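1. Return atomic coordinates for the entry below.
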Amino acid sequence: MTIDGNYVVAGTTQPWQIKALRALLGRPEKIEIYHFSVTTEGLKPAVKMQWRIEVLDSTVKEAGWVKRFAGAESFDDLIRLRWDVVVNTVRKASKLIQHVTCGEKRCGERKFDEMLRELEKFVAEVERWAGRRGEEADKFYRRARKYLAPALALFELTERPTEEALWRFALAFTAAVAGDGHVRRSLVRLTSGDGGAALLWLAALQKAGELAGFKPRLYVEGRFCHVEVSGMENAAALAALMPAVGLNPKAEKAVDMFREWAEEVGAVEVKLEAVEKTGKLAKAVIAVKAGPWEAKYSVYLRKEVELQFASTDAERAYQMAHVLKLLGVKAEPKAAGGRSLGRHVWQIYATTDVLASKTVLPAFREAIARAVEEAARRGWIKGDTAERWAEKLREGVTTAEDKPKFEIRINNKGGLDIMYMTTNAERLAQYAERLKSLGLEEGVHFTTKPPKNGKLGALRITAEGVVKLAELSHHAEDAEKRQKASEWVKHLLARAGESGGEEARRRVEELVEEGAARGVLTLAGLRREVEVDGERHAVEVRRAEARIEDGRLYIRVEAVVDGVEMEREYTFTRNKHNATLGLVSTWMRAPGGREADLTRLKALSTVIFGEPGALTAGGRQLKYARRHLEYAMRFKEIKEAAERWLRGG
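-> As a prediction, the model looks like this:
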């Protein structure tokens, strides 16, 4: 975000940043797409947004705490922060010196003095440029951004070290890490090329750490300063502060890190405080302590288990949602339609499946399950309903925000059904697009039926779709695509076990194994015995190759079947509907005539394509569909050419 004349300008390709900026500054005066970036998921638009500079003054005025601590009523006032107090606070923080290192050497005192001089130089420029406009002044404002956030956080944490101050520090620090930071297991790092700004962040982190239980350090590497918190317990304590507002991916990683650590060591406290009757409803009150945050939630037992929270204080609503995320409950605050006392009412709402998700800490699910059982014991809800809810909460269900909640079962005909049903057409289309972005083809790997007139729509994944996802998860060239396909495979396996039982999971596992094997096996030299029309036949493949000519795919195979040498070429084309059609001919002059040749050809085809193929042309040919070709792609000799041909190459 920069200041350009009388405008605030921001550019990004990240949807979460667009959402966060609109939440902070309101609807932009101008928004445009200025170019597209090519990614593995297709074209991604780069969005440029523009606001009048007065929005910064409005933002400062709305933040009452800024006026209380900094005496600021406008953005220009904010630049004229009481920098003398900030500098003196840093100067007095002698403990900071021991947290500064250069490589393996201690360089605290020397580096501390250098960074302090950078800070003092910046402060000296404030009076010169504050309130001015123009190209040079804009350069100063761009630099000032690096100083303002840590300075305000340090100022408030020093003057009034409360939970509210800690929350505002967390928002500022998380935003900084989103731009110039890094999060991984046991490490949260913010990198800056400005020593003065880095020193402010170190001082602010030290103050926050005194409240939240972590210790920061500053590592100097060349011209860059890395302010970081490392070690699992240490980093998890900081991660507990970092709200994933607007689906900030780095903050999401931090939240996941905290939850993983908390589950390992039992670091979250959960207490069922009460189960009571409110009118006709049963309600549970559950108290939670996660990191430095304490919160209480009301869980109502209606037709579903429903967690609810409402407040006119947006900051409080987001903080309560953050604590839920630390527990594994994904529920974003939403502004209700009406207003109360001139302000929006912010609501958080989560129902049974979200609360019972396996991502939710078991301690929280157990507290809700005990509340359900207590309500049933008192006769406030039906016993069979309570038993079903409690079982689901304790066992957990597999849910994913970006994936459908599939029902995976063995149908009456013995086939495998993988289906998701919804009345939300937009969500159905989003799931279909995600599958397409991975390389799956509608009509082959999955099918969709849009909802209509209030009736449920459906997304079905075919058996070949599961195989394709497994293939991508093991063999896709792009690492990001492999990761995303792997997430789909894991989700399908989990849903199969939960919704369809052991047999459904076993069937999905078989399909996954088939996909993982694609391109791994060698057809030449393969010896196998197969059954055709009730009789066993011995097949030995001696040579195989695949090539593309004139838009057709040819697979040529030399083999010995039941002691008879045979050579055959399978030809794959596309019909007018772009469907795949493969054909191979039987030979009348083969040993034993056409009928014997057909039997041997069926045996060979079973080895290559998994099935003999269907008779056509009065028994003179066998035909194959796309699924047969994709089965054959498990063989190295066929895979590369078949993939290119299917892509249209």
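2. distance between stretch 390-401 and the chain's centre?
-> Distance, stretch centre to chain centre, for stretch 390-401: 19 Å (C-alpha atoms, centre = their mean, to the nearest Å).
3. List the buried residues in that stretch.
-> Of the residues in stretch 390-401, those buried under the neighbour-count criterion (16 or more other C-beta atoms under 10 Å) are Ala390, Lys392, Leu393, Gly396, Val397, Thr398, Thr399, Ala400. To be clear about C-beta, it is placed using only N, CA and C from the backbone, and glycine gets the same treatment.
4. low pLDDT regions in the stretch 101-250 of the chain?
-> Counting by pLDDT under 70, the low-confidence segments of the stretch 101-250 of the chain come to 103-106, 108, 129-138, 245-247.
5. Helices of that one, residue ranges please.
-> Chain-ordered helices for the stretch 101-250 of the chain, with DSSP state H, counting those that start in this stretch as the definition, fall at 108-129, 135-159, 163-180, 195-212, 232-239, 249-265.
6. tell me the contacts of the residue lying closest to Ala517 once chain neighbours are set aside?
-> Spatial nearest neighbour of Ala517, chain neighbours left out: Arg634 (5.0 Å); criterion: C-beta to C-beta, 6 or more residues apart in numbering. The neighbours of Arg634, taking C-beta atoms under 8 Å, 6 or more residues apart in numbering as the test, are Glu514, Ala517, Arg518, Gly519, Val520, Leu521.
7. tell me which of the buried residues of stretch 390-401 is nearest to Ala335?
-> For Ala335, the nearest member of these is Thr399. The distance, counting by C-beta to C-beta, is 24.4 Å.
8. gap between the closest residue to the closest one other than its chain neighbours and Arg394?
-> Of all residues beyond its chain neighbours, the one nearest Thr399 is Ser357 (4.4 Å), with distances taken as C-beta to C-beta, 6+ apart. Plainly put, Ser357 is 13 Å away from Arg394 if you go by C-beta to C-beta, to the nearest Å.
9. Would you list the phi and psi of the residue nearest to Ala517?
-> Note on Arg634: its backbone torsions stand at phi -70, psi -20 [degrees, to the nearest 10].
10. Poorly predicted segments of the stretch 251-400 of the chain, please.
-> 337-343, 400.
11. so Val87 sits right up against Val123, yeah?
-> Yes. Under the criterion of C-beta atoms under 8 Å, Val87 makes contact with Val123 at 6.0 Å.
12. Reformat the helices of the stretch 101-250 of the chain as TSV; add distance to Ala321.
-> Listed next are the helices of the stretch 101-250 of the chain as TSV, based on distance: least, C-beta to C-beta, whole Å:
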stretch	distance to Ala321
helix 108-129	35
helix 135-159	21
helix 163-180	12
helix 195-212	19
helix 232-239	16
helix 249-265	11
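13. of these, which approaches Thr447 most closely?
-> helix 249-265 (31.2 Å).
14. Run the chain-centre distance for that closest one.
-> In terms of C-alpha atoms, centre = their mean, the centre of helix 249-265 is found 14 Å from the chain centre.
15. Show me what that helix is packed against.
-> Applying 3 or more C-beta pairs under 8 Å, 6 or more residues apart in numbering; DSSP states H and E, one finds that helix 249-265 makes contact with helix 163-180, strand 181-184, helix 232-239, helix 314-327.
16. residues in contact with it?
-> Contacts of helix 249-265 with the rest of the structure, by C-beta under 8 Å, 6+ apart, involve 16, 174, 177-178, 181-186, 188, 232-233, 235-236, 238-240, 242-245, 267-268, 290-291, 325-328, 359, 361-362.
17. CA atoms only for it, dumped as CSV, please.
-> Listed next in CSV are the C-alpha coordinates belonging to helix 249-265 (Å, rounded to 0.1, in the frame of the first residue of the first chain):
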residue,chain,number,x,y,z
PRO,A,249,-2.1,-18.1,4.5
LYS,A,250,0.9,-17.4,6.7
ALA,A,251,-1.3,-16.8,9.7
GLU,A,252,-3.2,-20.0,8.9
LYS,A,253,0.1,-21.9,9.1
ALA,A,254,0.8,-20.2,12.5
VAL,A,255,-2.6,-21.3,13.8
ASP,A,256,-2.1,-24.8,12.6
MET,A,257,1.3,-24.8,14.3
PHE,A,258,-0.2,-23.8,17.6
ARG,A,259,-3.0,-26.3,17.4
GLU,A,260,-0.6,-29.1,16.6
TRP,A,261,1.6,-28.2,19.6
ALA,A,262,-1.3,-27.7,21.9
GLU,A,263,-2.8,-31.1,21.1
GLU,A,264,0.6,-32.8,21.7
VAL,A,265,1.2,-31.2,25.2
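18. mind listing what's buried in that helix?
-> Lys250, Ala251, Glu252, Lys253, Ala254, Val255, Asp256, Met257, Phe258, Arg259, Trp261, Ala262.
19. JSON lines please, covering these and showing distance to Ala149.
-> JSON lines is the format used below for the buried residues of helix 249-265 (distance: C-beta to C-beta, whole Å):
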{"residue": "Lys250", "distance to Ala149": "16"}
{"residue": "Ala251", "distance to Ala149": "15"}
{"residue": "Glu252", "distance to Ala149": "21"}
{"residue": "Lys253", "distance to Ala149": "21"}
{"residue": "Ala254", "distance to Ala149": "17"}
{"residue": "Val255", "distance to Ala149": "21"}
{"residue": "Asp256", "distance to Ala149": "24"}
{"residue": "Met257", "distance to Ala149": "23"}
{"residue": "Phe258", "distance to Ala149": "22"}
{"residue": "Arg259", "distance to Ala149": "26"}
{"residue": "Trp261", "distance to Ala149": "27"}
{"residue": "Ala262", "distance to Ala149": "28"}
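20. and which of the residues you listed is nearest Asp562?
-> Each of the buried residues of helix 249-265 was checked against Asp562 using C-beta to C-beta; the closest is Asp256, at 57.8 Å.
21. how near is the closest one to Ala367?
-> As defined by C-beta to C-beta, Asp256 lies at a distance of 21 Å from Ala367.
22. thinking again about what came up before, can you say which two of the contacts of Arg634 are spatially most distant?
-> Spanning the widest gap among those are Glu514 and Gly519, at 11.8 Å by C-beta to C-beta.
23. just to revisit the earlier point, and which of the buried residues of helix 249-265 is nearest His344?
-> Top of the list for closeness to His344, among the buried residues of helix 249-265 and by C-beta to C-beta, is Ala251 at 23.2 Å.
24. What sits closest to that closest one if chain neighbours are left out?
-> Residue nearest to Ala251 in three dimensions, not counting chain neighbours: Ala244, with 3.9 Å by C-beta to C-beta, 6+ apart.
25. same question, Gly592
-> Nearest to Gly592 is Val564, by C-beta to C-beta, 6+ apart, at 7.9 Å.
26. That neighbour touches Pro591, doesn't it?
-> Yes. Contact between Val564 and Pro591 holds when scored by C-beta under 8 Å: they sit 5.4 Å apart.
27. pretty sure Ile466 is in a helix, no?
-> No Ile there; residue 466 is Val. Yes. With the criterion set as DSSP: H, G, I helix; E, B strand; the rest coil, the secondary structure at Val466 is a helix.
28. so how far is Leu493 from it?
-> Separation of Val466 from Leu493 (C-beta to C-beta) stands at 9 Å.
29. Which of these two has more residues huddled nearby?
-> Neighbours were tallied for Val466 and for Leu493 using other C-beta atoms under 10 Å; the higher tally belongs to Val466 (28 against 20).
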